[in-house]
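[1] Could you look at this predicted model? Sequence included:
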Amino acid sequence: MKASHPPILATKLLGQLVSGPHGDALAGDLIEQYRQGRSAVWFWRQALLAIVVSFTKDRTLGGPAVLGSLLVLLLMIVSVGRHPSSLGSGSGLFIMDLALLSGYGAFSIWVWRQRRPEEREALAAGAQTGVILGAVLIASHAIEWFAPVETRAAQLVRGAGSVLIMLGLLGAAGSAAWQRTRSTMLAVIAGLWCGSLAVVILLSFALTLNLAFEAHAASWLHEPFVASGMGDAGAFVVRNSLEAASEILVRIPIAALVLAFSGCVSNAWMMKRPRRLAVLAAWFTPFFFVAGAAALWYADSLDRAARPPFVMAGVLTAGIALCGAHPIWSSLSGRRGDRPRRS
């Protein structure tokens, strides 16, 4: 039997990345087998396999989000490294994006480390809606990328449709988390996690496309590139990506906080009301949505300067309808949580 200790780094990684009672038991079992004659290579292989399995079984998707944040960071660094002139007169935009992504990574690590059942239930709700939202954003971006020749109506449906779906999913994340935990704070965190996960998914996809198909991206952005006065089309693609990323990294979490809170409050309010009120809301909600969609459609027919009031009214009206969809469904389905209410 070996008297030496197993590989220190592998043991620490196992303890940190596969935490909880299951991780402790697994580490103890691997150490015992190592001391009975297993090799260091075997110990490393088993430890890494346990970490991968832990990632795949994590319903909150905290571990994969950590890797996703690192991937986006790497893609940005590689993109700027290939085209240093994309930084222009300063690196402020690049540094801001790196700082924001570091915050996303820190949030992902925090999510990954949570072990309380209520917190994990809320974060799992956010993860489920976040994956759906990420898929919707990827589909919208892919259609815009590979099918740029669209009719005006198709552009409106794709652009406004993805925004409205985002509003509905962010509200649903907060509503579903409140449904599971009866906690307003956890509902808002779930909405924030939904938005953060979707952003990481979208940026991973978009930046990979830009690197793999840079010539196509330059062709796609030819007109704004000519207007920019820059001399390197690749550098313009990278700078455009950095600017778009900074907007997404800031705006979606803000929207997530507001909409998740709205979905949470809507669900809490609806649960205290008679069922017939939910039936009435279910009847009127489609009319709100149609009114909002009609306002957006009408705005598209106006001059650009005259659009903002109708766009804001359309997004607000349709957003209210979509945010109320999950609370209404929850009330009509008759599902009532057994957990006590928390503030």
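    Looks like it arrived, so ask away. Computed from a prediction, not measured in an experiment: that's the story for all the values here. Residues are numbered from 1 along each chain as shown.
[2] For the stretch 51-200 of the chain, which segments count as helices?
    If you assign secondary structure with DSSP state H, counting those that start in this stretch, the helices in the stretch 51-200 of the chain sit at 62-82, 92-113, 117-146, 152-181, 184-212.
[3] Which among those is found nearest to Arg45?
    Ranking the helices of the stretch 51-200 of the chain by their distance to Arg45 (criterion: Cβ to Cβ) puts helix 62-82 first, at 18.7 Å. Placement of C-beta: from N, CA and C, glycine included.
[4] weakest of the helices of the stretch 51-200 of the chain by average pLDDT?
    Here the helices of the stretch 51-200 of the chain differ in mean pLDDT, and the lowest is helix 152-181 at a mean of 84.
[5] How about that helix, which residues are buried there?
    Neighbour-count burial for helix 152-181 flags 156, 158, 160, 162-181 (criterion: 16 or more other Cβ atoms under 10 Å).
[6] Now the helices of the stretch 51-200 of the chain in a markdown table, please, with extra columns for distance to Leu14.
    Below are the helices of the stretch 51-200 of the chain laid out as a markdown table (distance: least, Cβ to Cβ, whole Å):
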| stretch | distance to Leu14 |
| --- | --- |
| helix 62-82 | 14 |
| helix 92-113 | 15 |
| helix 117-146 | 20 |
| helix 152-181 | 30 |
| helix 184-212 | 25 |
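[7] what's the spacing between Gly92 and Val279?
    Note on Gly92: its distance to Val279, by Cβ to Cβ, to the nearest Å, is 54 Å.
[8] What residue spans form the domains of the chain?
    The record assigns the chain these domain ranges, following automatic domain parsing: 1-57, 58-333.
[9] Could you figure out how far the helix or strand harbouring Ala10 is turned away from helix 62-82?
    For Ala10, the enclosing helix or strand under DSSP states H and E is helix 8-17. Taking axes from the mean of the first three to the mean of the last three Cα atoms, to 10 degrees, helix 8-17 and helix 62-82 form an angle of 120 degrees between their directions.
[10] Centre of the chain to stretch 295-308, how far?
    What separates the centre of stretch 295-308 from the centre of its chain is 29 Å, taken as Cα atoms, centre = their mean, to the nearest Å.
[11] From the rest of the structure, what touches it?
    Outside stretch 295-308, the residues that touch it by Cβ atoms under 8 Å, 6 or more residues apart in numbering are Arg152, Leu156, Ala160, Phe310, Val311, Ala313, Gly314, Val315, Thr317, Ala318.
[12] what about it, how long is it end to end?
    Between the opening and closing residues of stretch 295-308 there is a gap of 11 Å (Cα to Cα, to the nearest Å).
[13] One more: stretch 297-315?
    So stretch 297-315: terminal residues 11 Å apart, Cα to Cα.
[14] can you tell me the average pLDDT over it?
    Mean predicted lDDT for stretch 297-315 stands at 81.
[15] Check which residues of the host helix or strand of Gly263 are buried.
    Here Gly263, judged by DSSP H and E, is contained in helix 233-271. For helix 233-271, burial by neighbour count (16+ other Cβ under 10 Å) applies to 233-242, 245, 248-249, 252-253, 255-268, 270-271.
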